[in-house]
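1. Build me a model:
(one chain, ligands or ions: 1)
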Amino acid sequence: MSGPNEPLLEVRDLAVQFFTYQGTVRALEGVSLSVARGEIMGLVGETGCGKSVLARSVLRLIADPPGKITAGAIRFKGRDLLTLSRREMRRIRGNEISMIFQEPMSSLNPVFTVGSQMLEVVALHQAVGREEGRRICVEMLRQVKMPDAEQVLAKYPHELSGGMRQRVMIAMELSCRPDLLLADEPTTALDVTVQAQVLAILEGLTRQRGVAVLFISHDLGVIAQLCDRVAVMYAGGIIETAPAGAIFAAPRHPYTRGLLHAIPRIAARQESLAVIPGSVPSLVDPPPGCRFHPRCAERFFPCDRVVPPFYEPAPGHRVACHLHAGEEGRRSWERS
Ligand code: SF4
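-> Modelled structure (predicted):
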């Protein structure tokens, strides 16, 4: 059991590799992250930076082969998930940790009605009869503000819009009363107005129930709206973590600053969008030192040879960048 001050989820020095014909993809390296009870933690970064691999690792859903968790620990409520048996993990998935994916069609079975799929989930986690199960499903659909909840139970997934399907998924996952919800780009496939509605529902329900959320997105606007803290990922590692307000008001890592400058601002009448030069490096043969150095306008002497450790320029604000090294850090480069 975890103590009262212990984080609900704590990932320590996690490494995940995929063994492919092109070589070994070092998808995650030295990733550490914590999520407290009731906290909404945002995980942001470009496509391919390792966000989804991290979420899937927490549920031990990395296909082996070709993938493998090669180092680290994932502690949930004080237990290391990497040491549990498959049976114990099956009990945790859905019961204590749930996951919502970007495209709900990939999670809903197209040949069964919404009602039969929801009932199956409810029956799996709660000892209730058919009538009571149906009542719970209708109640859950109402909580996600689904219009005509009773009629929706009789429909097939393809008869619902993307926003309605995502509400069904949120209802299903929260009906299991998880302590932790992993939300992997749950609103990316939706149009902007539906996205805002779904986000408001997700935030309302998780805050109300004290559910911790690891919210994955490449959209900084969504992250700003929803999250208490933010971790920024780049090329398989976390490079900056801070309270959401601090990341947006005073980003410390050159990559985070680049991401924020790349957001279009209509009010500022930007002539052209700022871009981060170059592209995301190959994770088969990542650059030495700081993985961002080939694209960084502020790189200097140690960046292409020394991996930056985390510095804490303000309380709770951690950044992996040599620009924030003190005297001690400078001396260590000279020794290396
Ligand atoms: Fe840029 Fe160097 Fe900081 Fe990396 S460590 S972000 S290359 S200044």
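
2. so where is the stretch 51-200 of the chain shaky, pLDDT-wise?
-> 104-105 (pLDDT under 70).

3. can you pull the buried residues of stretch 148-155?
-> 149, 152-153 (16 or more other CB atoms under 10 Å). Just so you know, the C-beta spots here come from the backbone N, C-alpha and C atoms, and that holds for glycine as well.

4. Quick one: distance of it to the chain centre.
-> Here stretch 148-155 is found 30 Å from its chain centre; the criterion is CA atoms, centre = their mean, to the nearest Å.

5. again, but for stretch 94-114
-> With CA atoms, centre = their mean as the basis, the mean position of stretch 94-114 lies at 17 Å from the chain mean.

6. Stretch 121-139 too?
-> 29 Å.

7. which parts of it are buried?
-> 121-122, 133-134, 136-138.

8. got a markdown table for those, with secondary structure and distance to the ligand too?
-> A markdown table is the format used below for the buried residues of stretch 121-139 (DSSP: H, G, I helix; E, B strand; the rest coil; distance: CB to the nearest ligand atom, whole Å):
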| residue | secondary structure | distance to the ligand |
| --- | --- | --- |
| 121 | helix | 44 |
| 122 | helix | 48 |
| 133 | helix | 53 |
| 134 | helix | 55 |
| 136 | helix | 50 |
| 137 | helix | 49 |
| 138 | helix | 52 |
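
9. what's the closest of the residues you listed to residue 231?
-> Top of the list for closeness to residue 231, among the buried residues of stretch 121-139 and by CB to CB, is residue 121 at 29.7 Å.

10. which residues does the closest one contact?
-> By CB atoms under 8 Å, 6 or more residues apart in numbering, residue 121 lies in contact with 94, 172, 175-176.

11. ok, back up a step: just send the buried residues of stretch 121-139 back as a markdown table, with distance to residue 113 too.
-> Shown next, in a markdown table, are these (distance: CB to CB, whole Å):
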| residue | distance to residue 113 |
| --- | --- |
| 121 | 13 |
| 122 | 14 |
| 133 | 14 |
| 134 | 12 |
| 136 | 16 |
| 137 | 11 |
| 138 | 14 |
